[in-house]
Each structure stands twice: as structure tokens, then as C-alpha cells.
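[1] 3D, please:
(one chain, ligands or ions: 1)
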Amino acid sequence: MAEDKHEKNQVPTGMPTFGASGRKIIYDENGKPCRSCNTLLDFRSVTKNSSLVTPAKAAAGVAATSAAGTTDITANDCPPDVEELGRSTWTLLHSIAATYPENPTPEQKNYLKSFITSFSHLYPCFYCADDFRENIRKDEVKVGNRDEFGQWLCDQHNIVNEKLGKPKFDCKLWKERWKDGWKDGRCD
Ligand SMILES: Cc1cc2nc3c(=O)[nH]c(=O)nc-3n(C[C@H](O)[C@H](O)[C@H](O)COP(=O)(O)OP(=O)(O)OC[C@H]3O[C@@H](n4cnc5c(N)ncnc54)[C@H](O)[C@@H]3O)c2cc1C
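    Residues are numbered from 1 along each chain as shown. Below is the predicted model of the structure:
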């Protein structure tokens, strides 16, 4: 199958290389900052959409007015940044693992396999998707049963955690986190 790898991070002339957080800004193939590839902070630091807006513009969002009379707006109905998209996606993927059968039929195995393959081509953060496809080429998706898929997914999530400098999650605990709730009862 033809590989749909994007040109990674071509910085358009006159546009900044780094955002407010110090992370590299990711631009899409049209030279626009990619919303789902950057944090909101970085996205806003290179677009006209400053986080400081007039109170009138903040009507639809959760706003906190600063001493200067401007409003720092964090609306709750905007397109997702790389972090919100990631959190929501991991929630979906681990929840699929939690409800995947212990003894799946051949048809269910095929559905899961094609879902992960399609997902790896369609994930909106394109450079995340590029890396994910590379990772699942090295360690093919395991769909044999719930435990197998849950462990595989946990490992994949840990690869991303490591890349981002985050602590590794203890995969022995994935079912407590995503299926049964913690043993201390706080999810009951
Ligand atoms: C396929 C994919 C690739 C991504 N690639 C990138 C990337 O290249 N660059 C980038 O900036 N962001 C990437 N992201 C987003 C990134 O992984 C995080 O979702 C985002 O940074 C928000 O992180 P978070 O700290 O809120 O927790 P998340 O990493 O989103 O995790 C949510 C919750 O899952 C639990 N958890 C953590 N690790 C595991 C694990 N191993 N197994 C089971 N549960 C776990 C924890 O309770 C955590 O609070 C990617 C997301 C996906 C789905």
C-alpha cells in the first residue's frame, strides 16, 4: 500500500519555529499551524487568536477577567488541541480494550485489526499518526483476546509517554484504570 507520510514540520517563511512553550510548532501541508498537532498555548502563540480577548468575545466560553480588563478565555467548545485529542482518543482505545471479548470470534478480531489500521491512517495529528504507524509496523497489533490487546495498547501508549518524557504506566494496572476501577474503591 502506498505510504501517506506527510512532509514533516516544514516551517513556512516568516513563521516562527517554536511556540510559547518552547516546543516546535507543527505546520500542516498548507503551511498553517496544525491545531490537532500543537498544544492550544502554542497554537495561539502563532495565530491571531490571542488568549487575551475582549469580554464580549468571551461570551461563549469559560472566562477569567484579568487586572488589565482583558479576558483570558478558555472556551469549552473549540476544536481539540493535541492534548485534548490524545486524552479523548486513549480513553476510547483503552475502553475498547476493556470491552473487547475474552474469546473473540474471527470476525471480531478482523474488525479490531482493521479499526487499528484505519485509525493509524486517519488520526488527525499527522505526525503522531506517522509515528504510530511506524510503531505498529515493528510491533503488530495483537487481537487474540482482551488481555492481549489491552497489554499491547498499554505498551503502545507507553511508547508515546516515553517519547514525551512522561512516566511509564504500570501495565499490570490497565484493567483497574480502564475496566474495573481502582481497588481502593474510589471509582465505585
Ligand atoms: C496514537 C497516539 C499517538 C500520539 N502521539 C503523540 C505525539 O507524538 N506527540 C504528542 O505531543 N502527543 C501525542 N499524543 C497525545 C499524548 O499521548 C497525550 O494524550 C497528551 O499529551 C495528553 O496527555 P495526558 O498526560 O493528559 O495523558 P494521556 O497520555 O492522554 O493518558 C490519559 C490517561 O491514560 C492513563 N495512561 C497513561 N499511560 C497509560 C498506558 N500506557 N496504558 C494505559 N493507560 C495509561 C493515565 O491514567 C492517563 O491519565 C498521541 C496520542 C495518541 C492516541
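
[2] the strands in this protein, which residues?
    Counting by DSSP state E, residue ranges of the strands within the chain are 52-53, 62-65, 71-74.

[3] how about the residues of this protein that lie near the ligand?
    82-83, 86-87, 89-90, 94, 123, 128, 131-132, 154, 157-158, 160-161, 163-164, 169, 174, 177 (C-beta under 6 Å from any ligand atom). The way it works is simple: take the backbone N, C-alpha and C, and place the C-beta from them, glycine included.

[4] I'd like to know which of these are buried.
    Among the residues of the chain next to the ligand, those classed as buried by 16 or more other C-beta atoms under 10 Å are 82, 86, 89, 94, 123, 128, 131-132, 154, 157-158, 174, 177.

[5] Just name the closest of these to Arg23, please.
    Val82 (9.6 Å; C-beta to C-beta).

[6] dump the residue contacts of the closest one.
    Val82 sits next to 36-39, 125, 128 when contact means C-beta atoms under 8 Å, 6 or more residues apart in numbering.

[7] domain ranges for the protein?
    In terms of domains, the chain is parsed into 8-48, 82-179 (source: the TED database).

[8] Turn these into JSON lines, columns for mean pLDDT.
    Converted to JSON lines, the domains of the chain look like this (pLDDT from 0 to 100):
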{"stretch": "domain 8-48", "mean pLDDT": "90"}
{"stretch": "domain 82-179", "mean pLDDT": "98"}
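
[9] give the contact list for the residue nearest the centre of the chain.
    For the chain, the residue whose C-alpha lies nearest the mean C-alpha position (C-alpha atoms, centre = their mean) is Gly86; its distance is 1.7 Å. Shown in contact with Gly86 (C-beta under 8 Å, 6+ apart): 125, 128, 160.
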